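Asks: need coordinates for the following:
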Amino acid sequence: MGAFRVMVTAAMMAAGCGDENCDQHLPFQDQLTQAAPNAQLLVTTDNCSTCDHANLQVIWSGPTAGVTGTIDVEVHPACFVQPYKLSRPATGGVGDYVYDWNTKNCGDQVDYSVVAINRSNVTMDTFEVHVNCIAYEPKM
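Replies: Predicted coordinates:
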């Protein structure tokens, strides 16, 4: 059975998309060591603006050979939009990938739940997910 951890790191700083000044990034992340096959990381965001793109990065390290399977991610916007589902081959050694998205049709503010899953056949020494979005500030 895989490990499951929930950790939320939120910076609630005012930036603005009320004036289209989309430059205040909010970082959210979680990390797991010794992530067995099917281990999951869950990151939830808070106070994200849809005025610009959000992105995630998944980073893993593990054995250098004999690695099969995938690293899967689901991004669930807290609105009626379907989740974004991603899957990349798990690689030996160190691997990472980045995904960029924009959920403009959710309104001005949206929160996300991001789940990263080690669907490989090996235990990863480290398994991380980082999510960045733009801070939401109501229009004045």
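
Asks: mind listing what's buried in stretch 31-46?
Replies: By neighbour count on 16 or more other CB atoms under 10 Å, the buried set for stretch 31-46 is 32, 35, 37, 39, 40, 41, 42, 43, 44, 45, 46. Where you see a C-beta, it was placed from the backbone N, CA and C, and this is true even at glycine.

Asks: run through the residues that contact the closest residue to the second one other than its chain neighbours.
Replies: Spatially, and ignoring its direct neighbours in sequence, residue 35 is nearest to residue 127 (3.6 Å; CB to CB, 6 or more residues apart in numbering). Under the criterion of CB atoms under 8 Å, 6 or more residues apart in numbering, the contact partners of residue 127 comprise 31, 32, 33, 35, 39, 41, 58, 59, 60, 116, 118.

Asks: can I get the residues you listed in JSON lines with pLDDT, distance to residue 87 and secondary structure?
Replies: Converted to JSON lines, the contacts of residue 127 look like this (pLDDT from 0 to 100; distance: CB to CB, whole Å; DSSP: H, G, I helix; E, B strand; the rest coil):
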{"residue": "31", "pLDDT": "96", "distance to residue 87": "21", "secondary structure": "strand"}
{"residue": "32", "pLDDT": "96", "distance to residue 87": "19", "secondary structure": "strand"}
{"residue": "33", "pLDDT": "96", "distance to residue 87": "23", "secondary structure": "strand"}
{"residue": "35", "pLDDT": "97", "distance to residue 87": "16", "secondary structure": "strand"}
{"residue": "39", "pLDDT": "98", "distance to residue 87": "16", "secondary structure": "coil"}
{"residue": "41", "pLDDT": "96", "distance to residue 87": "15", "secondary structure": "strand"}
{"residue": "58", "pLDDT": "97", "distance to residue 87": "11", "secondary structure": "strand"}
{"residue": "59", "pLDDT": "97", "distance to residue 87": "16", "secondary structure": "strand"}
{"residue": "60", "pLDDT": "97", "distance to residue 87": "14", "secondary structure": "strand"}
{"residue": "116", "pLDDT": "97", "distance to residue 87": "11", "secondary structure": "strand"}
{"residue": "118", "pLDDT": "98", "distance to residue 87": "12", "secondary structure": "strand"}
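
Asks: sounds good, over and out.
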